[in-house]
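[1] Just need the structure, nothing else, for what follows:
(one chain, ligands or ions: 1)
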Amino acid sequence: MIEKYDVVIIGAGVGGLTCGCYLAKADLKVLIVEQHDKPGGYCTSFTRKGYRFDVGVHSLGGKTKGIIGRVFKDLDLDALVKVNQFDPTDRIIMPDKEVYLRADPQETILELKKQFPAESNNIERFFRFIMQENFLNVYKSVKKATVKELLDSYFNNKELKYIFNVFLRNLSIPAAEASALCFVIFLREYILDTGYYPEGGIQSFPDGLTEIFKSFGGEILFCKRVASVMTENNEVSKIVLNDGIEIKTNIVVSNSDATTLFKEMLDVELKERCNTDILKPSISGFAVYLGLKDVEEKVFNGFSTTWPFTDFAIDSQAFLNEERVRHKSFFLTEIAFSTAHDLAFLEKSAKISMGIFSAATYSDKKWWVNREEEISDCLVAEAQKIYPFLDSHIDIKIIATPETFRRFTSNREGSFFGWASTVGQIKASFFPQKTSIKGLFLVGHWCTEGGGQGGVPKSVFSGRRGARLVMNELGRAWGYADYFL
Ligand SMILES: Cc1cc2nc3c(=O)[nH]c(=O)nc-3n(C[C@H](O)[C@H](O)[C@H](O)COP(=O)(O)OP(=O)(O)OC[C@H]3O[C@@H](n4cnc5c(N)ncnc54)[C@H](O)[C@@H]3O)c2cc1C
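    Now for the predicted structure:
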């Protein structure tokens with residue numbers, strides 16, 4: 001470590017790492033400080049008894065046409081991270097039918113038209129609208145709309161609307177509040193260019209970024225936490241680590257939770273601090289990771305990410321909270337089979353891992369932990385309804401509560417996607433990437449760059465954009481093509 005860095009980045013999530021790569025590549029002296037012992041934040045994997053699990057993110061979107069593809073190209077990441085595409089990508093189980101989403105968007109469109117023939121023209125119109133080259137047109141028409149308004153303006157069939165709503169259920173935001181702009185960006189980046197899985201697991205993506213970062217001279221410090229960001233004359237002057245070590249810098253890029261940054265880490269009061277009391281974080285969740293032995297693909301009807309639904313209420317906000325748990329009213333948001341998409345891994349070990357997720361509110365530190373065995377059994381029982389032979393394959397079980405997610409990443413209340421992307425919360429001015437103090441920048445899912453927050457493509461986008469803002473601040477040229485989400 002040296003005494004002074006051009007830039008210090010707090011956190012090695014995909015937002016911080018992306019930003020670090022561009023800055024290190026521009027010959028700046030960059031240090032990333034990460035509290036965990038590995039990079040990636042929510043985009044990490046862990047191994048138990050030979051099973052490999054992806055903590056949160058279980059596939060990448062936008063690798064061919066989106067921001068992830070752009071970053072792979074800019075940083076020459078294809079040489080390090082081999083990414084394959086699986087198909088079908090998603091299986092939506094409804095009370096009376098199943099719908100599969102495909103890697104090829106044209107096939108997804110065909111599938112929807114087949115299932116909802118009376119809506120064929122509307123489906124064509126909708127996809128033509130969201131896929132158009134000139135995104136500015138889309139932006140202008142959906143900027144202030146909710147998802148409900150957008151879907152109502154195209155479709156009549158409530159089941160079809162509900163399929164689009166699947167992904168909001170993941171975010172647990174009612175369609176009448178969710179930002180249509182964020183939703184359209186999500187569809188473009190994730191549904192129409194989707195199903196990418198890196199060889200070696202999701203961890204390979206942040207590992208690849210870390211390697212690129214280091215190859216350009218970037219330094220990364222693991223198992224250290226940034227405790228404070230200090231200022232002098234209204235300008236960033238240094239950071240202090242949890243062990244008291246001080247590191248000088250005039251530029252800090254924060255990939256960490258915004259509430260902790262503005263309320264606890266900074267020694268000055270900024271306007272953003274008030275906004276941490278006004279904006280609402282997105283939902284957290286409860287996860288059960290299962291290691292499955294002796295599995296044949298047909299037991300699970302393929303390994304597409306599975307979204308089970310029991311009703312068609314477009315505005316239902318399914319998440320677990322204390323009341324639902326007390327009433328034993330359980331549901332599953334999503335089931336993912338991550339290693340099943342890594343053929344190289346399966347050839348060696350044939351160990352399938354399954355992640356069962358339910359959106360859940362945070363409550364307090366102990367509430368979920370005290371009930372975790374009972375809740376996980378109920379969630380496995382829900383999954384068993386879809387996969388009747390599941391219990392005869394379970395080899396190991398690992399549980400994560402909202403507190404687990406908070407503890408590992410310091411994200412407020414274990415929030416999965418940063419600030420909730422409601423129409424009222426996506427304004428860039430709430431948490432601008434260039435903050436109101438000189439030298440402090442934000443990247444990741446707690447900045448509000450204007451298009452909604454949450455998810456790997458958006459955090460990566462903000463990381464790239466954050467690097468550009470820093471370069472601008474330092475009077476350096478930005479030699480890359482423009483990219484608008
Ligand atoms: C269960 C789950 C499933 C998900 N599924 C998907 C999916 O399929 N697709 C998708 O696109 N998105 C998904 N998401 C959301 C996505 O993972 C996140 O939005 C995205 O990864 C956030 O990246 P980030 O860089 O903004 O922040 P984070 O991943 O939160 O990383 C922040 C990093 O900063 C570190 N840090 C924080 N404070 C400090 C400090 N003071 N000092 C040092 N280090 C610090 C943390 O340890 C962490 O490594 C999922 C999330 C979860 C939890």
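[2] Point out the residues in this structure that sit beside the ligand.
    By the rule Cβ under 6 Å from any ligand atom, the part of the chain lying against the ligand is 10-16, 33-36, 41-43, 56-59, 225-226, 255-256, 285, 287, 357, 405, 409-411, 416-417, 444-445, 454-456, 459. C-beta: built from backbone N, CA, C; applies to glycine.
[3] And Asp96, its phi and psi?
    With angles defined as degrees, to the nearest 10, Asp96 sits at phi -120, psi 0.
[4] Over to the one 4 residues further on?
    Dihedral pair for Tyr100: phi -110, psi 130, per degrees, to the nearest 10.
[5] Please name the residues that touch it.
    Tyr100 is in contact with 88, 90-92, 111, 304, counting by Cβ atoms under 8 Å, 6 or more residues apart in numbering.
[6] Which one of those is nearest to Arg188?
    Checking those against Arg188 by Cβ to Cβ gives Asp90 as the nearest, at 15.8 Å.
[7] give me every residue that touches the residue lying closest to that closest one once chain neighbours are set aside.
    With Cβ to Cβ, 6 or more residues apart in numbering as the criterion, Asp90 has its nearest non-adjacent residue at 4.0 Å, and that residue is Leu101. Counting by Cβ under 8 Å, 6+ apart, Leu101 touches 88-92, 108, 111, 191, 194, 304.
[8] Neighbour count and secondary structure for those - can I get that in a markdown table?
    Output for these, formatted as a markdown table (neighbours: other Cβ atoms under 10 Å; DSSP: H, G, I helix; E, B strand; the rest coil):
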| residue | neighbour count | secondary structure |
| --- | --- | --- |
| Pro88 | 19 | coil |
| Thr89 | 23 | coil |
| Asp90 | 23 | strand |
| Arg91 | 20 | strand |
| Ile92 | 19 | strand |
| Thr108 | 22 | helix |
| Glu111 | 16 | helix |
| Ile191 | 21 | helix |
| Thr194 | 27 | coil |
| Ser304 | 24 | coil |
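[9] As CSV, these with pLDDT would be great.
    Below are the contacts of Leu101 laid out as CSV (pLDDT from 0 to 100):
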residue, pLDDT
Pro88, 95
Thr89, 94
Asp90, 93
Arg91, 93
Ile92, 92
Thr108, 95
Glu111, 95
Ile191, 82
Thr194, 92
Ser304, 93
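[10] before we move on, the earlier item: which one of the contacts of Tyr100 is nearest Leu168?
    Ile92 (13.0 Å).
[11] what are the bridge partners for Glu235, then?
    For Glu235, the beta-bridge partners are Glu232, Lys438 (DSSP bridges).
[12] coming back round to it: which of the contacts of Tyr100 lies closest to the ligand?
    Checking the contacts of Tyr100 against the ligand with Cβ to the nearest ligand atom, the nearest one is Asp90 at 10.6 Å.
[13] just checking, the closest one touches Phe303?
    No: Asp90 lies out of contact with Phe303 (Cβ atoms under 8 Å); the separation is 11.1 Å.
[14] Point out where the stretch 201-350 of the chain drops to low pLDDT.
    The stretch 201-350 of the chain contains residues with pLDDT under 70 at 310-317.
[15] residue ranges of the strands in it, please?
    Counting by DSSP state E, counting those that start in this stretch, the stretch 201-350 of the chain has strands at residues 219-221, 226-232, 235-241, 246-249, 252-254, 284-292, 305-308, 334-336.
[16] which residue packs closest to the residue in the stretch 51-200 of the chain that the ligand sits nearest to, ignoring adjacent ones?
    Per Cβ to the nearest ligand atom, Gly56 is where the stretch 51-200 of the chain lies closest to the ligand, at 2.8 Å. Leaving out its chain neighbours, the residue that sits closest to Gly56 by Cβ to Cβ, 6+ apart is Tyr42, at 4.0 Å.
[17] For Gly61, give me its contacts.
    By Cβ under 8 Å, 6+ apart, the contact list for Gly61 reads 68, 189-191, 193-194, 196, 455-457.
[18] if we can go back for a sec, any idea how far Ala145 is from the residue nearest to Asp90?
    According to Cβ to Cβ, to the nearest Å, Leu101 and Ala145 sit 23 Å apart.
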